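Structural data only, the sequence is not supplied:
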């Protein structure tokens with residue numbers, strides 16, 4: 001994992017924590033642990049990796065602020081927090097942590113078809129396409145899953161990746 005990858009993963013985890021979605025604390029501690037294993041050095045990062053599950057959210061927020069300062073993550077976190085959350089879920093889907101439906105359903109519920117991002121709107125539309133494919137009306141679920149993976153890859157790696 002490169003330094004840029006570490007910063008991207010941490011920024012996505014911090015955004016996930018801040019938007020208040022499921023498993024935010026676990027996502028933070030996992031990202032902090034991965035960053036430490038990859039060679040990142042930060043006292044606050046080490047504390048975040050080992051933060052107790054019952055720690056006050058205010059203490060977690062303060063620790064996150066220290067991590068941001070110590071690792072210079074301000075620029076990485078300047079993006080829209082919800083878009084960082086989408087990237088985190090897209091990355092999780094590509095690594096098999098969650099399924100295609102989990103990604104599209106979250107995006108569809110969160111953004112409907114009204115995101116400023118064409119890629120996010122495509123994921124919302126693909127959620128509808130999954131419903132149609134599962135009902136056997138048109139296309140196959142396998143085809144829709146492939147299109148979801150393609151869009152997720154563009155979200156994580158950029159549209160010209162591969």
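Perfect, I can see it now. This structure is a prediction, so every number in the text was calculated from the model and none was measured.

Sort out which residues of the helix or strand harbouring residue 16 are buried, please.
Assigned by DSSP states H and E, residue 16 falls within helix 3-19. If you call a residue buried by 16 or more other CB atoms under 10 Å, then helix 3-19 has these buried ones: 6-18. Heads up, the C-betas are built off the backbone N, CA and C, glycines and all.

Touching it from outside, list them.
Contacts with helix 3-19, where a contact means CB atoms under 8 Å, 6 or more residues apart in numbering, come from 1, 23-25, 27-28, 30-32, 34-35, 38-40, 60, 64, 67-68, 71, 73, 76-77, 79, 81-82, 84-85, 87-88, 91.

Pull out the buried positions in stretch 58-65.
60, 63-64.

Correction: the previous question concerned stretch 122-132.
Using 16+ other CB under 10 Å as the test for burial, stretch 122-132 gives 122-127, 129-130.

quick one on the thing from earlier: which of the contacts of helix 3-19 are buried?
The neighbour count (16+ other CB under 10 Å) marks 24-25, 27-28, 31-32, 34-35, 40, 60, 64, 67-68, 71, 73, 76-77, 81-82, 84-85, 87-88, 91 as buried among the contacts of helix 3-19.
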